[in-house]
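Trainee: Sequence and predicted structure are below.
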Amino acid sequence: MKKFFECIGMITLVCFSFFVTEKTAGVVKEMDDIMIEIKKAEKNHQINSIDAILEQQTIIPGIYGKKVDIKKSYDKMKRVGNYQENLLVYKKERPKISSEKQYDKYIISGNPKKNMVSLIFLVNNNTNLSKIEKIIDQKNIKVNFFVDGTWFEKNNNQALNWIENDHIVGNLNSEDENSTWMDTMIKNLGKQKEGFCYTTKPNKNILNTCKKNRDYTIIPNIIVQTNPLSEIKKTLSSGSIIALPVNDIVEKELPIIINYIHGKGYTIENLYHHLNELEPY
């Protein structure tokens with residue numbers, strides 16, 4: 001019995017020693033000049049996340065925040081031996097309300113904090129895109145081509161080439177019988193990270209089909225009718241998603257439209273970068 005209590009006492013003493021040692025190391029770490037500097041920098045380098053705006057069936061993506069990972073930053077700088085701001089390590093903070101995997105909602109805009117705009121070109125079986133392609137190459141912008149199944153069946157190599165060049169290919173008619181096949185080609189063969197569907201107003205059939213394919217459904221907040229430049233000037237704002245038909249007027253005014261958007265301080269990006277909550281503003 002005596003030996004039993006001696007063992008218990010020894011185990012207790014060892015555990016207590018570990019506890020005291022750990023506490024002492026923690027206090028020493030907190031008093032370390034490197035740790036003090038990291039904690040001073042923490043507030044200056046923190047960016048709060050922005051929640052997605054969710055209203056009934058529509059959503060505007062949020063933006064991830066970031067804050068300093070104190071432990072990883074300390075461990076990294078301790079190996080160097082002094083505080084260096086460029087060695088700060090960050091961890092991302094997901095918005096409390098996020099658009100990620102919200103396939104049952106209509107995306108109506110990008111987050112205005114990102115100062116981005118997206119252009120969607122509506123492509124059907126008779127569309128000639130040579131002039132549009134030349135302009136976007138000259139202006140060095142990334143855009144979105146939403147195509148129907150008939151066009152895609154005949155021109156899928158061209159569509160895959162757009163994806164390779166960081167443009168987005170979306171589904172113009174999700175009720176088309178070829179829509180699932182097209183979606184598979186875009187994601188698997190084209191390696192496009194996300195799929196996108198198009199509608200001008202709420203449509204349950206389109207939304208359900210896109211949800212089944214794990215695609216995001218877009219309702220542009222600017223749908224050009226007859227006077228592209230004039231209509232865009234009236235309603236353009238940060239986050240705008242602009243749908244454009246491909247015709248002579250759009251081809252003529254597109255360079256001016258691009259210059260106007262840039263002049264407002266907005267970048268023109270594809271939908272993936274525009275709507276991605278992980279990418280900073």
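Mentor: Everything's here; your move.

Trainee: quick one: the helices in the protein?
Mentor: 2-31, 33-44, 70-80, 130-139, 149-164, 179-184, 204-212, 228-235, 248-263, 271-275 (DSSP state H).

Trainee: For the third one, which residues meet the burial criterion?
Mentor: It refers to helix 70-80. Using 16 or more other C-beta atoms under 10 Å as the test for burial, helix 70-80 gives I70, S73, Y74, K76, M77. To be clear about C-beta, it is placed using only N, CA and C from the backbone, and glycine gets the same treatment.

Trainee: Can you say which of the helices of the chain is packed in most?
Mentor: Of all the helices of the chain, helix 271-275 has the most neighbours on average by mean count of other C-beta atoms under 10 Å, namely a mean of 22.

Trainee: could you say what helices and strands that one packs with?
Mentor: strand 116-123, strand 168-171, strand 215-218 (3 or more C-beta pairs under 8 Å, 6 or more residues apart in numbering; DSSP states H and E).

Trainee: Need the winner for burial among these.
Mentor: Compared across those, strand 168-171 shows the largest average neighbour count, a mean of 28 (mean count of other C-beta under 10 Å).

Trainee: In PDB, could you pull the C-alpha coordinates for that strand?
Mentor: Written as PDB, here are the backbone C-alpha positions of strand 168-171 (Å, rounded to 0.1, in the frame of the first residue of the first chain):
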ATOM      1  CA  ILE A 168     -15.600  31.700 -68.200                       C
ATOM      2  CA  VAL A 169     -18.000  29.600 -70.200                       C
ATOM      3  CA  GLY A 170     -21.500  29.500 -68.800                       C
ATOM      4  CA  ASN A 171     -24.800  27.800 -69.700                       C
END
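
Trainee: Return the list of helices and strands in contact with it.
Mentor: The contact analysis (3+ C-beta pairs under 8 Å, 6+ apart) places strand 168-171 against strand 144-147, helix 149-164, helix 179-184, strand 195-198, helix 271-275.

Trainee: Which of those sits closest to N111?
Mentor: The closest of the helices and strands packed on strand 168-171 to N111 is helix 271-275. By C-beta to C-beta, the value is 8.1 Å.

Trainee: Outside of the closest one itself, list whatever touches it.
Mentor: For helix 271-275, the surrounding residues in contact (C-beta atoms under 8 Å, 6 or more residues apart in numbering) are 61, 99, 107, 110, 114, 116-118, 120, 142, 144, 168, 170, 192-194, 196, 216, 218, 239, 241, 279.

Trainee: Check the average confidence over that helix, would you?
Mentor: Mean per-residue pLDDT for helix 271-275: 98.

Trainee: for S118, what are its contacts?
Mentor: Neighbours of S118 in contact, by C-beta under 8 Å, 6+ apart: G110, V143, N144, S240, I241, I242, I268, E269, N270, L271, H274.

Trainee: Tell me the one of the residues you listed nearest I47?
Mentor: Of these, the one sitting nearest to I47 (C-beta to C-beta) turns out to be G110, at 17.6 Å.

Trainee: For the closest one, grab the count of nearby residues.
Mentor: 27 (other C-beta atoms under 10 Å).

Trainee: Same check on N128?
Mentor: Neighbours of N128 (other C-beta under 10 Å): 11.

Trainee: Phi, psi for it please.
Mentor: Dihedral pair for N128: phi -100, psi 120, per degrees, to the nearest 10.

Trainee: on that earlier part again, distance to K134 and pLDDT added to the buried residues of helix 70-80, as a markdown table?
Mentor: Putting these into a markdown table (distance: C-beta to C-beta, whole Å; pLDDT from 0 to 100) gives the following:
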| residue | distance to K134 | pLDDT |
| --- | --- | --- |
| I70 | 51 | 93 |
| S73 | 48 | 93 |
| Y74 | 53 | 93 |
| K76 | 48 | 92 |
| M77 | 51 | 92 |
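
Trainee: domain assignment for the chain?
Mentor: 2-93, 106-275 (automatic domain parsing).

Trainee: Is it correct that L129 is in contact with V123?
Mentor: Yes. If you go by C-beta atoms under 8 Å, L129 and V123 touch, sitting 6.7 Å apart.

Trainee: Pull up the overlap in contacts between these two.
Mentor: F145, V246.

Trainee: Contacts only, for W181.
Mentor: By C-beta under 8 Å, 6+ apart, the neighbours of W181 are G149.

Trainee: quick one: pLDDT of it?
Mentor: pLDDT for W181: 91.
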